[in-house]
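Engineer: have a look; sequence and predicted model below, questions after that.
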Amino acid sequence: KMDMIAIPDFGAGAMENWGLVTYREVLLLFDPKTTSAASKKRIAYVIGHELAHQWFGNLVTMEWWNELWLNEGFATYCEALWAGNSGGYAAYKSNIDGVAAAYIGNNPGWAIYTPGWATTTPNVDSLFDTYITYDKGASVLHQLRYVMGDTLFFAGLKSYANDVRYKYKSATIINFKDVMSQTAGTDLTWFFNEWLNQANHPAYTNLYTVTTLPGNKWNVNITMKQIQSGAYYYQMPVEFKVVFGDATDTTIKFFNSTNNQVFTLSFNKLPTSVVFDPNNNIVLKIGSIASDICDNAFVPEKYSLEQNYPNPFNPSTKISFSVPRESQVKVQIFNEIGQLVKELTNSVYKAGSYSLEWDASTQPSGVYFCRMSSDAFMTSKKLMLLK
């Protein structure tokens, strides 16, 4: 039996008491005639969050406060699952993209799991930080789903919640890691170490080159590069979508384990572009992939700046440009009143075609302008960010 009750002036917002979940009135009650769609949606998410706690928090309880991700990260992830159940995968992914963008735009800079908090518990605001414990926490579970695949991921969650060692008892993150590793049939320690024990997230500046070979064959060489501060390198399976001149494409997955790792792909038709992480499964990142096409067959005849794609966009978009000879090129983003928002590049480029990605997750909706300039050329394109 599960009851829910609205309490006037309930300061906590909502609380997942087993059998009687309590809510602030505005987070449970609504008038179908006057309540806005946004408020109704918020109510649904809060109810989903609190009911998820009946499994992740009540049925299996975190062992101590430093394990809080097992409660709040999981319940926040279940909000996305509710969105997916009611609106399909696109709704699920929109929710995950949103919480990941909120974390990236407001990251306070500490890890989800800090062992020392078991003995020296921080203040409540740090412990229950929205962007780390909730938003990044849910995003980590999405990335674990991407690594394991849907079947094994959900089987692992069920095994964890029903494991007699933890059911009606307490568990640790290491316990959860062991259950998921057993379900996956492979040790997932590497994943938990980097996404839970490390602060921040990777910043990619990947590069690819296309080389023409005899006999109508081409090689694509992809160099994986991370430039975040600190020595830690985030290993992950990464996907690349290769688009061809005949408008077909193929998506290929590799496991990227080291910085400056190179992957070589061979094709019998002309590759025209490469898209890194085309489905944005690695949501906890900033990054791009730029082309460095030096083969004579690809040398452009003139400078050009292509219209960004997609446009309108949210939160990131691809910006492509070409240079006919080695040049110092600057690509900048300005807002409507002419303020510089972001300098995407200011470097020397060889003759070729290039692509950059602008992640605008920290910017408000509106019109922006992308300016490309060199010693002999300047042009701009209008961009529309819709959130």
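Structural biologist: Noted; the coordinates are in hand. Numbering: from 1, shown residues only.
Engineer: may I see the buried residues of stretch 330-342?
Structural biologist: For stretch 330-342, the buried set under the neighbour-count rule, 16 or more other C-beta atoms under 10 Å, comprises Val331, Gln332, Ile333, Phe334, Asn335, Lys342. C-betas here are computed from N, CA, C, even on glycine.
Engineer: of those, which is the nearest to Asn58?
Structural biologist: Lys342 (44.5 Å; C-beta to C-beta).
Engineer: kindly export the helix or strand hosting that closest one (C-alpha atoms) in PDB.
Structural biologist: In the assignment (DSSP states H and E), Lys342 maps to strand 340-349. What follows is strand 340-349, C-alpha atoms only, in PDB (Å, rounded to 0.1, in the frame of the first residue of the first chain):
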ATOM      1  CA  LEU A 340      32.200  37.900 -27.700                       C
ATOM      2  CA  VAL A 341      30.700  34.700 -26.300                       C
ATOM      3  CA  LYS A 342      33.200  32.100 -27.400                       C
ATOM      4  CA  GLU A 343      36.400  31.900 -29.400                       C
ATOM      5  CA  LEU A 344      36.300  28.400 -31.000                       C
ATOM      6  CA  THR A 345      39.700  28.600 -32.600                       C
ATOM      7  CA  ASN A 346      42.500  31.000 -33.400                       C
ATOM      8  CA  SER A 347      45.100  28.800 -35.100                       C
ATOM      9  CA  VAL A 348      47.100  28.200 -38.300                       C
ATOM     10  CA  TYR A 349      45.300  25.700 -40.600                       C
END
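Engineer: list the buried ones in that strand?
Structural biologist: Buried residues in strand 340-349, counted by 16+ other C-beta under 10 Å: Lys342, Leu344, Thr345, Tyr349.
Engineer: and Lys158, which of the three is it?
Structural biologist: Classification of Lys158 by DSSP: H, G, I helix; E, B strand; the rest coil places it in helix.
Engineer: hang on, the earlier thing: show me which of the buried residues of strand 340-349 is closest to Pro115.
Structural biologist: Lys342 (36.7 Å).
Engineer: measure the closest residue to the closest one other than its chain neighbours to Asn123 for me?
Structural biologist: Leaving aside its sequence neighbours, Lys342 sits nearest to Ile333 (C-beta to C-beta, 6 or more residues apart in numbering; 4.3 Å). According to C-beta to C-beta, to the nearest Å, Ile333 stands 37 Å off from Asn123.
Engineer: measure Lys177 to Pro364 for me?
Structural biologist: Lys177 sits at a distance of 38 Å from Pro364 (criterion: C-beta to C-beta).
Engineer: for the buried residues of stretch 330-342, which two are the farthest from each other?
Structural biologist: Val331 and Asn335 (15.5 Å).
Engineer: buried residues in stretch 375-382, which are they?
Structural biologist: Across stretch 375-382, burial judged by 16+ other C-beta under 10 Å covers Phe377, Lys381.
Engineer: ditto for stretch 305-314
Structural biologist: Neighbour-count burial for stretch 305-314 flags Leu305, Asn308, Phe313, Asn314 (criterion: 16+ other C-beta under 10 Å).
Engineer: how about low-confidence regions in the stretch 1-150 of the chain?
Structural biologist: For the stretch 1-150 of the chain, no stretch is flagged by pLDDT under 70.
Engineer: what segments of it are helices?
Structural biologist: 37-52, 69-87, 89-106, 124-127, 137-148, 150-162 (DSSP state H, counting those that start in this stretch).
Engineer: I'd like to know which elements the strand or helix carrying Trp218 is packed against.
Structural biologist: Assigned by DSSP H and E, Trp218 belongs to strand 217-224. Helices and strands touching strand 217-224, as assessed by 3 or more C-beta pairs under 8 Å, 6 or more residues apart in numbering; DSSP states H and E, comprise strand 203-213, strand 236-244, strand 261-267, strand 271-276.
Engineer: check the offset of that strand from the chain's centre.
Structural biologist: Between the centre of strand 217-224 and the centre of its chain there are 25 Å (C-alpha atoms, centre = their mean, to the nearest Å).
Engineer: give the buried residues for that strand.
Structural biologist: For strand 217-224, burial by neighbour count (16+ other C-beta under 10 Å) applies to Trp218, Val220, Ile222, Thr223, Met224.
Engineer: against Ala247, how distant is the closest residue to the first one other than its chain neighbours?
Structural biologist: This means Trp218. Leaving aside its chain neighbours, Trp218 sits nearest to Phe267 (5.2 Å; criterion: C-beta to C-beta, 6+ apart). Distance, Phe267 to Ala247, using C-beta to C-beta: 14 Å.
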